[in-house]
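A.B. asks: pasted the sequence and its predicted model underneath.
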Amino acid sequence: MSDAKLIMFDNRLKKVYRILQKQAKQLGVTCYRLYDRDLPEFPLIIDIYGENVLVTEYRSNHRLSEEDYDRWLEDSLEVVRHVLAKTEDQLYLKERKRKESRQDQYQKTDDRKEFIEVGEGGLKFLVNLTDYLDTGLFIDHRMTRGMVRKGSVGKRVLNLFCYTGSFSVYAAAGGAKNIVSADLSNTYLEWAQKNMELNGFSGQQYSYERVDVLQYLPTLEKESFDLIVLDPPTFSNSKSMKDVFDIQPMHVELINECLRLLSPGGVLYFSTNARKFELDEDGINGTVKNITTATTPFDFKGKLLRWCYMITKEV
């Protein structure tokens, strides 16, 4: 990699850091995306998590020898450390490999069990920058979580495919009457409970259900919730699930089952990161509002990472 290209990367990083750091500070945001493969020669994603930086390396057809590639990567990381004024201990590197097919499942990447506490919206969350493909906090849903907090006062909330429970934490902070967090993973449910307790939310009004969501929803009573968060994977063939999950052909049935559980006037927040997703609005038994743009934060403008909808049940 030539010095000229490294200088180009350095200049680009300085520019976006100057702009986004200022915006983040004004909004009180400490976790945000700084750089997303802006330059073809540097296919990296750089995310800020408080005092720490996560660099995600996307393997591309670089046509470099292993030795040259390693040198390019180390030079790139040195630029990141220099521009952001970080020590080696504050910078984490993760490689994101392209799946051979959508049937492939992402695997755990490490087993260091290092958890870092970060803040968002006046709340606290545990993130892991080493062991998993994702960190435990989807920073692109920052504004969606804020909407859930505002709409949760006195409400019965169901958080499906809850992952590490960030939506549950926001709902609790908004004054939810009770919250059910449901996921198939014990690891994520334990993580979700830790996030809740980290913010002082514990008690019988907060429950955690290890379930296959598709099998779980039909067992719940009609109109048993006022607000539901539905953020499922795009595809899953987990051995723990009875059926293979594919959001495109299954979304209408899944959404309508959620609407059955909503009280009149209740709200469902549905999102998916399936890039080519097409919502079958005619098949949905509720009023649909596309809030994708409205929930896209400043650090993700111009980059479609997921779709987001607010679906209301008519009174």
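C.D. replies: Looks like it came in fine.

A.B. asks: quick one, longest helix in the protein?
C.D. replies: Ranked by number of residues, the top helix in the chain under DSSP state H is helix 3-27.

A.B. asks: distance between the next helix or strand after that helix and the chain's centre?
C.D. replies: Going down the chain from helix 3-27, the next helix or strand is strand 31-36, by DSSP states H and E. Relative to its parent chain, strand 31-36 has a centroid offset of 13 Å by Cα atoms, centre = their mean, to the nearest Å.

A.B. asks: got it, and stretch 259-269?
C.D. replies: 23 Å.

A.B. asks: mind listing what's buried along the longest helix of the chain?
C.D. replies: 6, 9, 10, 12, 13, 16, 17, 20, 24 (16 or more other Cβ atoms under 10 Å). The C-beta positions use only the backbone N, C-alpha and C, and glycine is treated the same way.

A.B. asks: helices and strands around the helix or strand where residue 253 lies, which ones?
C.D. replies: Per DSSP H and E, residue 253 falls inside helix 247-261. Contacts defined by 3 or more Cβ pairs under 8 Å, 6 or more residues apart in numbering; DSSP states H and E place helix 247-261 against strand 156-160, helix 213-216, strand 225-230, strand 262-272.

A.B. asks: tell me the angle the third one makes with helix 247-261.
C.D. replies: Between the direction of strand 225-230 and that of helix 247-261, the angle (axes from the mean of the first three to the mean of the last three Cα atoms, to 10 degrees) works out to 170 degrees.

A.B. asks: rewinding a little: contacts for the helix holding residue 253?
C.D. replies: 158, 160, 213-214, 217-218, 220-225, 228, 230, 232-235, 268, 270, 272, 274, 276-280, 283-286, 311, 313 (Cβ atoms under 8 Å, 6 or more residues apart in numbering).

A.B. asks: could you list the low-pLDDT ranges of the stretch 201-315 of the chain?
C.D. replies: 237-242 (pLDDT under 70).

A.B. asks: burial measure for the residue lying closest to residue 119 once chain neighbours are set aside, as a count.
C.D. replies: Ranked by Cβ to Cβ, 6 or more residues apart in numbering and with sequence neighbours excluded, the top spatial neighbour of residue 119 is residue 30, at 5.3 Å. By other Cβ atoms under 10 Å, 14 other residues sit near residue 30.

A.B. asks: one step back: the helix holding residue 253 versus strand 262-272: what angle between them?
C.D. replies: 160 degrees.

A.B. asks: verify the contact between residue 307 and residue 272 for me.
C.D. replies: Yes. Look at residue 307 against residue 272 with Cβ atoms under 8 Å: they come within range, at 5.4 Å.

A.B. asks: re the thing from before, can you give me the buried ones in the helix holding residue 253?
C.D. replies: 247, 251, 252, 254, 255, 257, 258, 259, 260, 261.

A.B. asks: so residue 39 touches residue 12, yeah?
C.D. replies: Yes. With contact defined as Cβ under 8 Å, residue 39 counts as touching residue 12 (5.9 Å).

A.B. asks: if anything else comes up later, I'll come back, but that's it for now.
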